[in-house]
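1. This is a predicted model, with the sequence first.
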Amino acid sequence: MAESLTEDCCAAPGGPRSTDAEDSRLLRLALWLVVGTMAYNVIEACVALWAGAAAESIALFGFGLDSVIECSAATVLLWRLFVEARGASQHVVEATERQVHRFIGGTFIALALYICIQAGITLWRQLPPEESWIGVMLTTASLIVMPLLAWKKLQVADRIGSAALRSEAKETLCCVYLSATVLIGLGANAILGWWWADPVAALIILPWILKEGLEGLRGGQGCCGD
């Protein structure tokens with residue numbers, strides 16, 4: 001199934017080519033990883049959006065929006081994996097791969113625009129967020145769960161030669177980075193009273209988000225070009 005793609009991408013540099021049975025196992029694993037990411041992000045989005053709105057925290061609310069965006073990216077990625085799992089031709093799989101990769105790139109750009117606009121408004125109006133210990137606990141949990149999911153998805157993406165899965169895994173890494181910056185911002189506000197730390201923390205990751213988004217919109221270069 002994935003053999004047609006692994007012929008074009010350096011899925012496992014220096015390693016032996018996987019068998020059809022191994023390809024099928026990797027595709028099933030990729031599906032479960034994406035479904036698991038979606039389930040966690042639904043919970044994460046609900047908690048973060050509610051806590052962010054209650055605390056008027058732009059970083060925490062943006063973190064929740066990132067979870068919503070990642071859910072949409074995971075949904076279209078499931079479509080791409082199902083297409084390959086059904087034994088579609090190489091041409092169909094590659095066309096689906098490019099479409100999904102571009103869509104995920106667009107979700108990065110949407111997140112970047114939101115963070116830029118809202119953080120700018122917060123800094124201009126000097127709106128201090130309220131303390132949010134729920135946000136602190138949520139971002140701490142994400143710092144534990146999301147790196148494991150991202151690491152495993154990157155491994156599987158390299159094995160099956162999927163730039164779309166690799167890009168979605170990077171979006172999961174974006175969630176990890178946002179978790180860290182949001183946690184720093186919330187902690188600085190709660191402990192030191194640095195109200196500006198919240199929007200500044202959200203802006204730190206902006207260049208990386210834009211870079212990944214633009215690469216996705218261009219269609220990327222596959223696993224080897226990354």
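-> Received the coordinates, thanks. Residues are numbered from 1 along each chain as shown.
2. drop to CA atoms for contacts and neighbour counts, all remaining ones
-> OK.
3. which regions of this structure lie under the pLDDT threshold?
-> The model of the chain has pLDDT under 70 over residues 1-20, 84, 88, 127-130, 219-226.
4. which residue is nearest the centroid of it?
-> residue 171 (1.9 Å; Cα atoms, centre = their mean).
5. From residue 93, how far out is the residue lying closest to that residue once chain neighbours are set aside?
-> Counting by Cα to Cα, 6 or more residues apart in numbering, residue 171 lies nearest to residue 70, which is 6.7 Å off, once chain neighbours are set aside. According to Cα to Cα, to the nearest Å, residue 70 and residue 93 sit 22 Å apart.
6. cool, and residue 143?
-> Distance from residue 143 to residue 93, by Cα to Cα: 33 Å.
7. What helices and strands are in contact with the helix or strand where residue 105 lies?
-> Under the criterion of DSSP states H and E, residue 105 resides in helix 90-125. Contacts defined by 3 or more Cα pairs under 8 Å, 6 or more residues apart in numbering; DSSP states H and E place helix 90-125 against helix 3-6, helix 58-85, helix 163-192, helix 197-204, helix 206-217.
8. Of all the residues in that helix, which ones are buried?
-> 93-94, 96-112, 115, 118-120, 122-123 (16 or more other Cα atoms under 10 Å).
9. What of stretch 203-218?
-> So stretch 203-218, judged by 16+ other Cα under 10 Å, has buried residues 203, 205-206, 209-210, 212-217.
10. wait, which of those residues is closest to residue 86?
-> Set against residue 86, the nearest of the buried residues of stretch 203-218 by Cα to Cα is residue 216 (24.9 Å).
11. If we ignore the residues flanking it in sequence, what's nearest that closest one?
-> residue 105 (3.9 Å).
12. How much space separates the one you found from residue 185?
-> 26 Å.
13. And for residue 22?
-> Shown here: residue 22 relative to residue 185, a distance of 44 Å by Cα to Cα.
14. Looking at these two, which is more packed in?
-> Using other Cα atoms under 10 Å, the more surrounded residue of residue 22 and residue 185 is residue 185, with 25 against 15.
15. residues in contact with the nearest residue to that one once chain neighbours are set aside?
-> Spatial nearest neighbour of residue 185, chain neighbours left out: residue 198 (4.2 Å); criterion: Cα to Cα, 6+ apart. By Cα atoms under 8 Å, 6 or more residues apart in numbering, the contact list for residue 198 reads 57-59, 129, 182, 184-186, 188-189.
16. ok, now with 10 Å
-> Taking Cα atoms under 10 Å, 6 or more residues apart in numbering, we find residue 198 in contact with 57-60, 119, 122-123, 128-129, 181-189.
17. Also residue 176?
-> When contacts are counted by Cα under 10 Å, 6+ apart, residue 176 is found next to 63, 139-140, 142-147, 150, 170, 182.
18. hmm, try it at 6 Å
-> Residues near residue 176 by Cα atoms under 6 Å, 6 or more residues apart in numbering: residue 143.
19. how close does it get to residue 61?
-> From residue 176 to residue 61 the distance is 15 Å (Cα to Cα).
20. Can you give me the neighbour number for the spatially closest residue to residue 120 that is not a sequence neighbour?
-> Of all residues not flanking residue 120 in the chain, residue 199 sits nearest, at 7.7 Å (Cα to Cα, 6+ apart). Close neighbours of residue 199, defined as other Cα under 10 Å, add up to 30.
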